[in-house]
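K.L.:
I need the structure of the sequence given here:
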Amino acid sequence: MSSSRQHSNSSKKSRGNSQKKMMAFMAKQFARLIPKVVTEIQASNTPNSSIDSKAAQPKPIAFSYKHFASCHPKPFTA
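P.N.:
Residues are numbered from 1 along each chain as shown. Predicted coordinates for the structure are as follows:
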């Protein structure tokens with residue numbers, strides 16, 4: 001096997017090992033952070049208190065064709 005071919009193979013192995021180490025590091029970081037994020041999201045979704053439930057709920061936005069046409073959209077060419 002030629003010297004350049006050996007160098008090429010060792011570079012690929014080194015790059016592969018480096019990539020495996022990086023992926024392992026990222027997996028550990030995700031495994032450490034995801035439970036914290038899920039806990040925070042679940043804590044923020046607590047049920048409303050009685051005062052909050054009495055507050056006026058915003059009306060859903062109605063979007064009609066008339067409103068769409070009043071925005072003067074460009075013609076559809078697809």
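K.L.:
can you count the residues close to residue 9?
P.N.:
For residue 9, the neighbour count with other CB atoms under 10 Å is 11. In short, each C-beta sits where N, CA and C put it, glycine included.
K.L.:
how close does it get to residue 16?
P.N.:
From residue 9 across to residue 16, the span is 10 Å (CB to CB, to the nearest Å).
K.L.:
can you give me the helices for this structure?
P.N.:
With helices called from DSSP state H, the chain shows them at 3-44, 50-54, 65-70.
K.L.:
got those helices as a markdown table, with distance to residue 78 columns?
P.N.:
A markdown table is the format used below for the helices of the chain (distance: least, CB to CB, whole Å):
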| stretch | distance to residue 78 |
| --- | --- |
| helix 3-44 | 38 |
| helix 50-54 | 45 |
| helix 65-70 | 17 |
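K.L.:
with mean pLDDT and distance to residue 77 added, can I get those helices in a markdown table?
P.N.:
Formatted as a markdown table, the helices of the chain follow (pLDDT from 0 to 100; distance: least, CB to CB, whole Å):
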| stretch | mean pLDDT | distance to residue 77 |
| --- | --- | --- |
| helix 3-44 | 84 | 42 |
| helix 50-54 | 57 | 48 |
| helix 65-70 | 88 | 17 |
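K.L.:
between those helices, which one is closest to residue 76.
P.N.:
Among those, the nearest to residue 76 by CB to CB is helix 65-70 (11.9 Å).
K.L.:
can you list the buried residues in the closest one?
P.N.:
For helix 65-70, a neighbour-count test (16 or more other CB atoms under 10 Å) marks nothing as buried.
K.L.:
CA atoms only: put it into PDB for me.
P.N.:
In PDB, the C-alpha atoms belonging to helix 65-70 read as follows (Å, rounded to 0.1, in the frame of the first residue of the first chain):
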ATOM      1  CA  TYR A  65     -61.800  35.600   1.200                       C
ATOM      2  CA  LYS A  66     -62.900  39.300   1.200                       C
ATOM      3  CA  HIS A  67     -60.200  40.100   3.600                       C
ATOM      4  CA  PHE A  68     -57.700  38.100   1.600                       C
ATOM      5  CA  ALA A  69     -58.700  39.800  -1.600                       C
ATOM      6  CA  SER A  70     -58.400  43.200   0.000                       C
END
